[in-house]
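[1] Just the structure for this:
(one chain, ligands or ions: 1)
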Amino acid sequence: MRHKIKAASTFIKTLVKSPQAIGAVMPSGKKLCRAMVKAIEADQNSIYVEVGAGTGVVTKELIAAGIPPHNIYLFENEINFIPKLKILFPDAHVIHGDVQFLQKHLTALGVGKVSKIISSLPFKSLPQSVVNNILEQFDMVLKKDGKIVQFTYSVNQPYSETFKQQYGFEAEKQAYIPQNIPPATVWLYKRKP
Ligand SMILES: C[S@@+](CC[C@H](N)C(=O)[O-])C[C@H]1O[C@@H](n2cnc3c(N)ncnc32)[C@H](O)[C@@H]1O
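    As a prediction, the model looks like this:
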(Lines give C-alpha, C1' and ligand atoms only; values in the text may rest on other atoms or scores of the structure.)
Protein backbone atom coordinates (compact mmCIF):
# COMPACT_ATOMS: atom_id res chain seq x y z
CA MET A 1 0.00 0.00 0.00
CA ARG A 2 2.82 2.41 0.92
CA HIS A 3 4.57 1.49 -2.33
CA LYS A 4 1.37 2.22 -4.31
CA ILE A 5 0.98 5.66 -2.71
CA LYS A 6 4.66 6.49 -3.31
CA ALA A 7 4.40 5.30 -6.95
CA ALA A 8 1.22 7.36 -7.51
CA SER A 9 2.90 10.43 -6.04
CA THR A 10 6.00 10.00 -8.29
CA PHE A 11 3.66 9.58 -11.28
CA ILE A 12 1.73 12.78 -10.49
CA LYS A 13 4.91 14.81 -9.89
CA THR A 14 6.35 13.61 -13.21
CA LEU A 15 3.03 14.28 -14.97
CA VAL A 16 3.10 17.90 -13.77
CA LYS A 17 6.73 18.24 -14.96
CA SER A 18 6.28 16.53 -18.39
CA PRO A 19 2.57 16.23 -19.32
CA GLN A 20 3.22 15.53 -23.02
CA ALA A 21 5.64 12.68 -22.37
CA ILE A 22 3.50 11.06 -19.68
CA GLY A 23 0.22 11.44 -21.55
CA ALA A 24 -1.91 9.75 -18.89
CA VAL A 25 -3.66 10.89 -15.70
CA MET A 26 -2.62 7.82 -13.73
CA PRO A 27 -0.74 4.52 -14.19
CA SER A 28 -2.54 1.86 -16.24
CA GLY A 29 -4.96 -0.34 -14.29
CA LYS A 30 -4.35 -4.05 -13.69
CA LYS A 31 -6.95 -5.14 -16.29
CA LEU A 32 -5.29 -3.07 -18.99
CA CYS A 33 -1.81 -4.34 -18.05
CA ARG A 34 -3.06 -7.94 -18.13
CA ALA A 35 -4.72 -7.38 -21.52
CA MET A 36 -1.39 -6.04 -22.86
CA VAL A 37 0.43 -9.16 -21.65
CA LYS A 38 -2.26 -11.48 -23.06
CA ALA A 39 -2.00 -9.75 -26.45
CA ILE A 40 1.79 -10.10 -26.63
CA GLU A 41 1.48 -13.89 -26.02
CA ALA A 42 4.08 -14.21 -23.31
CA ASP A 43 6.60 -17.00 -23.72
CA GLN A 44 9.76 -17.70 -21.79
CA ASN A 45 12.27 -17.49 -24.63
CA SER A 46 11.57 -14.22 -26.40
CA ILE A 47 13.37 -10.97 -25.68
CA TYR A 48 10.92 -8.28 -24.57
CA VAL A 49 11.41 -4.57 -24.92
CA GLU A 50 9.03 -2.57 -22.79
CA VAL A 51 8.98 1.12 -23.67
CA GLY A 52 7.60 3.79 -21.35
CA ALA A 53 7.76 1.62 -18.24
CA GLY A 54 6.73 4.42 -15.84
CA THR A 55 6.02 2.99 -12.39
CA GLY A 56 6.36 -0.60 -13.64
CA VAL A 57 2.71 -1.66 -13.63
CA VAL A 58 2.94 -3.46 -16.99
CA THR A 59 6.35 -4.97 -16.12
CA LYS A 60 4.86 -6.50 -12.99
CA GLU A 61 2.28 -8.35 -15.10
CA LEU A 62 4.91 -9.46 -17.66
CA ILE A 63 6.84 -11.12 -14.84
CA ALA A 64 3.65 -12.53 -13.28
CA ALA A 65 2.96 -14.19 -16.66
CA GLY A 66 6.21 -16.14 -16.31
CA ILE A 67 8.59 -14.09 -18.46
CA PRO A 68 12.09 -14.34 -16.97
CA PRO A 69 13.06 -10.80 -15.84
CA HIS A 70 16.48 -11.09 -17.51
CA ASN A 71 14.65 -11.31 -20.87
CA ILE A 72 13.00 -7.92 -20.28
CA TYR A 73 14.59 -4.59 -21.33
CA LEU A 74 12.74 -1.68 -19.76
CA PHE A 75 13.09 1.79 -21.27
CA GLU A 76 12.04 4.93 -19.50
CA ASN A 77 13.02 8.51 -20.30
CA GLU A 78 11.98 10.15 -17.02
CA ILE A 79 14.71 9.85 -14.41
CA ASN A 80 12.17 10.03 -11.52
CA PHE A 81 10.94 6.52 -12.34
CA ILE A 82 14.33 4.84 -12.69
CA PRO A 83 15.37 4.19 -9.05
CA LYS A 84 12.08 2.48 -8.22
CA LEU A 85 12.15 0.38 -11.41
CA LYS A 86 15.64 -0.81 -10.43
CA ILE A 87 14.45 -1.74 -6.94
CA LEU A 88 11.28 -3.47 -8.13
CA PHE A 89 12.93 -5.40 -10.97
CA PRO A 90 16.54 -6.06 -9.95
CA ASP A 91 16.93 -8.86 -12.51
CA ALA A 92 15.47 -6.97 -15.48
CA HIS A 93 17.48 -4.52 -17.59
CA VAL A 94 16.38 -1.00 -16.65
CA ILE A 95 17.53 1.61 -19.16
CA HIS A 96 17.18 5.33 -18.59
CA GLY A 97 16.95 6.48 -22.19
CA ASP A 98 14.97 7.90 -25.04
CA VAL A 99 13.30 5.31 -27.26
CA GLN A 100 14.10 7.53 -30.24
CA PHE A 101 17.53 5.89 -29.92
CA LEU A 102 16.29 2.39 -29.17
CA GLN A 103 18.56 0.54 -31.58
CA LYS A 104 21.67 2.34 -30.29
CA HIS A 105 20.77 1.43 -26.68
CA LEU A 106 20.11 -2.22 -27.55
CA THR A 107 23.31 -2.53 -29.58
CA ALA A 108 25.30 -1.11 -26.64
CA LEU A 109 23.78 -3.85 -24.48
CA GLY A 110 24.67 -6.54 -27.01
CA VAL A 111 21.07 -7.11 -28.08
CA GLY A 112 20.22 -7.55 -31.77
CA LYS A 113 16.68 -7.80 -33.07
CA VAL A 114 13.87 -8.55 -30.60
CA SER A 115 10.63 -10.52 -30.82
CA LYS A 116 8.29 -8.40 -28.77
CA ILE A 117 7.77 -4.73 -28.04
CA ILE A 118 5.25 -3.72 -25.42
CA SER A 119 4.55 -0.01 -25.55
CA SER A 120 2.70 2.37 -23.25
CA LEU A 121 4.13 5.41 -25.02
CA PRO A 122 1.58 8.21 -25.35
CA PHE A 123 1.74 8.49 -29.14
CA LYS A 124 -1.28 10.78 -29.31
CA SER A 125 0.38 13.44 -27.16
CA LEU A 126 4.00 13.20 -28.41
CA PRO A 127 5.18 15.51 -31.22
CA GLN A 128 4.78 13.93 -34.68
CA SER A 129 8.53 14.03 -35.37
CA VAL A 130 9.16 12.05 -32.15
CA VAL A 131 6.42 9.54 -33.06
CA ASN A 132 7.98 9.05 -36.52
CA ASN A 133 11.46 8.51 -35.05
CA ILE A 134 10.18 5.97 -32.53
CA LEU A 135 8.15 3.99 -35.07
CA GLU A 136 11.19 3.86 -37.36
CA GLN A 137 13.18 2.44 -34.43
CA PHE A 138 10.48 -0.17 -33.74
CA ASP A 139 10.76 -1.34 -37.35
CA MET A 140 14.56 -1.43 -37.12
CA VAL A 141 14.79 -3.53 -33.95
CA LEU A 142 11.84 -5.88 -34.47
CA LYS A 143 12.39 -9.35 -35.95
CA LYS A 144 10.48 -10.19 -39.13
CA ASP A 145 7.91 -12.22 -37.18
CA GLY A 146 7.99 -9.87 -34.19
CA LYS A 147 4.99 -8.26 -32.50
CA ILE A 148 4.21 -4.87 -31.02
CA VAL A 149 1.48 -4.31 -28.44
CA GLN A 150 0.29 -0.78 -27.84
CA PHE A 151 -2.64 0.67 -25.93
CA THR A 152 -4.45 3.86 -26.71
CA TYR A 153 -7.15 5.98 -25.09
CA SER A 154 -8.27 7.06 -28.54
CA VAL A 155 -11.10 5.50 -30.56
CA ASN A 156 -8.68 5.43 -33.49
CA GLN A 157 -5.76 3.06 -33.99
CA PRO A 158 -2.62 4.25 -32.17
CA TYR A 159 -0.32 4.10 -35.24
CA SER A 160 -1.08 5.83 -38.53
CA GLU A 161 -2.00 4.26 -41.87
CA THR A 162 1.25 5.74 -43.19
CA PHE A 163 3.24 3.71 -40.63
CA LYS A 164 1.44 0.51 -41.63
CA GLN A 165 1.97 1.11 -45.35
CA GLN A 166 5.56 2.33 -45.02
CA TYR A 167 6.75 -0.64 -42.94
CA GLY A 168 4.22 -3.29 -44.04
CA PHE A 169 2.44 -3.80 -40.72
CA GLU A 170 -1.15 -4.82 -40.05
CA ALA A 171 -3.16 -4.04 -36.92
CA GLU A 172 -5.54 -6.20 -34.87
CA LYS A 173 -7.73 -4.89 -32.08
CA GLN A 174 -7.18 -7.17 -29.08
CA ALA A 175 -9.23 -5.81 -26.18
CA TYR A 176 -11.25 -2.87 -24.95
CA ILE A 177 -10.94 -2.12 -21.24
CA PRO A 178 -13.82 0.19 -20.24
CA GLN A 179 -12.90 -0.02 -16.53
CA ASN A 180 -9.54 1.64 -17.10
CA ILE A 181 -9.28 5.35 -16.33
CA PRO A 182 -9.54 6.51 -19.06
CA PRO A 183 -10.97 3.52 -20.99
CA ALA A 184 -8.32 2.04 -23.26
CA THR A 185 -7.99 -0.24 -26.28
CA VAL A 186 -5.14 -2.70 -26.83
CA TRP A 187 -3.79 -3.15 -30.37
CA LEU A 188 -1.41 -5.74 -31.79
CA TYR A 189 0.86 -4.92 -34.76
CA LYS A 190 2.67 -7.50 -36.86
CA ARG A 191 4.15 -7.56 -40.33
CA LYS A 192 1.90 -8.65 -43.17
CA PRO A 193 2.66 -12.18 -44.39
C1 LIG B 1 1.33 6.68 -20.34
S2 LIG B 1 2.84 6.54 -19.39
C3 LIG B 1 2.84 4.77 -19.15
C4 LIG B 1 3.47 4.31 -17.86
C5 LIG B 1 3.20 2.85 -17.49
N6 LIG B 1 3.75 1.91 -18.42
C7 LIG B 1 1.72 2.62 -17.40
O8 LIG B 1 1.16 1.93 -18.25
O9 LIG B 1 1.13 3.17 -16.47
C10 LIG B 1 4.05 6.77 -20.69
C11 LIG B 1 5.51 6.62 -20.26
O12 LIG B 1 6.34 6.74 -21.42
C13 LIG B 1 7.52 7.48 -21.06
N14 LIG B 1 8.09 8.05 -22.29
C15 LIG B 1 7.54 9.01 -23.08
N16 LIG B 1 8.35 9.28 -24.13
C17 LIG B 1 9.43 8.45 -24.02
C18 LIG B 1 10.61 8.25 -24.80
N19 LIG B 1 10.84 8.96 -25.91
N20 LIG B 1 11.49 7.31 -24.40
C21 LIG B 1 11.27 6.59 -23.26
N22 LIG B 1 10.18 6.74 -22.48
C23 LIG B 1 9.27 7.67 -22.83
C24 LIG B 1 6.99 8.52 -20.08
O25 LIG B 1 8.02 9.06 -19.31
C26 LIG B 1 5.97 7.70 -19.30
O27 LIG B 1 6.55 7.10 -18.16
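[2] Quick one: mean pLDDT over the longest strand seen in the chain.
    Counting residues, the longest strand found in the chain (DSSP state E) is strand 142-152. The pLDDT scores in strand 142-152 average 97.
[3] Please identify which helix or strand holds Gln157.
    Using DSSP states H and E, Gln157 falls within no helix or strand.
[4] So which residues make contact with the next helix-or-strand element following the longest strand of the chain?
    Using DSSP H and E, the next helix or strand after strand 142-152 towards the C-terminus is helix 161-167. With contact meaning CB atoms under 8 Å, 6 or more residues apart in numbering, helix 161-167 is reached by 135, 139, 169-171, 189, 191. C-beta here means a position set from N, CA and C on the backbone, and glycine is covered the same way.
[5] For the longest strand of the chain, name the packing helices and strands.
    Under the contact criterion of 3 or more CB pairs under 8 Å, 6 or more residues apart in numbering; DSSP states H and E, strand 142-152 touches helix 30-40, strand 114-119, strand 184-191.
[6] Point out where this structure drops to low pLDDT.
    For the chain, applying pLDDT under 70 flags the ranges 1-3.
[7] Do the helix or strand encompassing Thr14 and the ligand come into contact?
    Using DSSP H and E, Thr14 maps to helix 2-17. No - remark: helix 2-17 sits outside contact range of the ligand, by CB under 6 Å from any ligand atom, the gap being at least 6.7 Å.
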